[in-house]
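Student: this is a predicted model, with the sequence first.
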Amino acid sequence: MARAGELSVDWLIYAHHQVPPLSERLRGLAGVPKLFLQPADEHELGDSTRQLFTKSPEPRELVVLAHGNYVSLPEEEKRSYENRVVTFFLLRLPPSARPIK
């Protein structure tokens, strides 16, 4: 089964082999607000997040999180994280044309 899983993933990846990586398509996001969450305790992920942030056009925002594993966060840190993400979207999403019922 493991080999079948590997072949399936390889096939799925190959289907998109001509799509340029996100790092090469960042210019298309100029003018779109972007929130980057960089975990301080996961160095490889944090480094790649910082690189994407640096290459990304404005507007952009970087938030450095003490921990990257949401599941293991204490309740207070979870609420802080959730509030940070929700605030980003509330401030940057356009208002709805129709009232929500």
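Tutor: Good, I have the coordinates. Numbers count the residues shown, from 1 in each chain.
Student: and the helices in the protein, which stretches?
Tutor: Secondary structure of the chain by DSSP state H: the helices cover 2-14, 43-55, 75-92.
Student: which one of these lies nearest to Gly68?
Tutor: Set against Gly68 and scored by CB to CB, these come closest in helix 43-55, at 6.2 Å. For glycine as for every other residue, the C-beta is placed from the backbone atoms N, C-alpha and C.
Student: could you name the helices and strands sitting against the closest one?
Tutor: strand 34-39, strand 60-65 (3 or more CB pairs under 8 Å, 6 or more residues apart in numbering; DSSP states H and E).
Student: got a list of what Asp41 touches?
Tutor: Applying CB atoms under 8 Å, 6 or more residues apart in numbering to Asp41 gives the contacts 66-69.
Student: filter those residues down to the buried ones, PyMOL style.
Tutor: Buried residues within the contacts of Asp41, by 16 or more other CB atoms under 10 Å, are selected in PyMOL with:
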select buried, resi 68
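Student: I'd like the contacts of Asp41 as CSV, with pLDDT and distance to Glu58 appended.
Tutor: CSV is the format used below for the contacts of Asp41 (pLDDT from 0 to 100; distance: CB to CB, whole Å):
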residue, pLDDT, distance to Glu58
Ala66, 87, 26
His67, 86, 28
Gly68, 86, 25
Asn69, 88, 30
